[in-house]
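3D model of this:
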Amino acid sequence: MEMRKNYLFWMSVFILGFFVLTSVFAPYICRYSPSQQSLSEKLLPPSEKHIFGTDEFGRDVFTRLLYAGRVSLSVALVAVIISTFLGTLIGITAGFFKGVVDAVIVKIIDVFLSIPTFFLILMVVSLWSPSLLNIMIVIGLTSWPSLARLVRAETLSVSERDFIKAVESLGLSKWRIMFVHILPNVLAPVVVAAVLGFGSAILVESGISFLGLGIQPPQASWGNMLASGKTYLGVAWWLSFFPGLAIFLVVLCFNLIGETLKQKWGGS
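Residues are numbered from 1 along each chain as shown. Modelled structure (predicted):
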């Protein structure tokens, strides 16, 4: 199906754009502060005054959801930038230099891929202070191996093409060949992996925060909002429903966009 006729793709783009814009402009959209408490209004169901209801401290859930979106999307963005940079650099280095360099890097990738990533992240976060920056870095530093393996395979293929042999015969430096001539030809799978990585990073951050090792209250993230809501699930369904719905929609949209780009550029 052509991109312009792929309604799921464009609907996903629209929904993601909506989440991003409302999160960025949350201070101008929301009538309340995310930390504003009113114990006389605690656990109120959705209404005209509080469209997503209030939590156990009387804070407006809609406001906290938008501010939490800023946190969760920021964590995903920085983590994906780190993992994409590392995965691309390491993968293209292994695929181009081959030999001992390739063998050593492949072994390192295999070691990382053999470790359950989520448990590795939990271990590292539990050793560090659970700050926003630390979570971004940890997720980014543990998410690069699969991308590195993909970029390595693409680089091995591209480096055997005739135009690469031609530029090598001109005596250009290896780094110029790698980043000027090979890198543009492996960017398509990198972009796809980065888009899919956004969804994975949001899930990881939400899981860490749900377990209490991520973003700490009173700062809101979708994960710790879910954790707070589970206590009141029987009496205040909205506390878990709306952050859960946000995670579901955003991750689904990233996956749909990524799969569409993969079919268009990768043919599979």
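
Next, S129: secondary structure please.
Here S129 is recorded as coil under DSSP: H, G, I helix; E, B strand; the rest coil.

How many residues are close by it?
For S129, the number of neighbouring residues by other Cβ atoms under 10 Å comes to 8. (C-beta placed from N, C-alpha, C; glycine too.)

Roughly how far does it sit from L150?
Between S129 and L150 the distance, using Cβ to Cβ, to the nearest Å, works out to 33 Å.

Run through the residues that contact K230.
If a contact means Cβ atoms under 8 Å, 6 or more residues apart in numbering, then K230 has S240 as its contacts.

I meant I15, not that one.
Residues in contact with I15 (Cβ under 8 Å, 6+ apart) are L249, V250, C253.

So which residues of the chain form helices?
Taking DSSP state H as the criterion, the chain carries its helices at 7-24, 26-29, 61-97, 99-114, 117-127, 132-141, 145-158, 162-169, 174-176, 183-210, 222-229, 238-266.

Please work out which of the ones you listed is packed deepest.
Ranked by mean neighbour count under mean count of other Cβ atoms under 10 Å, those are led by helix 222-229, which reaches a mean of 24.

Alpha carbons of that helix, as PDB, please.
As requested, C-alpha coordinates have been extracted for helix 222-229 and formatted as PDB (Å, rounded to 0.1, in the frame of the first residue of the first chain):
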ATOM      1  CA  TRP A 222       3.100   7.300  33.000                       C
ATOM      2  CA  GLY A 223       4.800   4.400  34.800                       C
ATOM      3  CA  ASN A 224       4.500   5.800  38.300                       C
ATOM      4  CA  MET A 225       1.000   7.000  37.600                       C
ATOM      5  CA  LEU A 226       0.100   3.400  36.900                       C
ATOM      6  CA  ALA A 227       1.900   2.300  40.100                       C
ATOM      7  CA  SER A 228      -0.100   4.800  42.200                       C
ATOM      8  CA  GLY A 229      -3.400   3.900  40.500                       C
END
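
now the angle from that helix to helix 238-266?
Computed with axes from the mean of the first three to the mean of the last three Cα atoms, to 10 degrees, the direction of helix 222-229 lies at 150 degrees from that of helix 238-266.

can you give me how far helix 222-229 is from the chain middle?
Relative to the chain's own centre, helix 222-229 is displaced by 18 Å; criterion: Cα atoms, centre = their mean, to the nearest Å.
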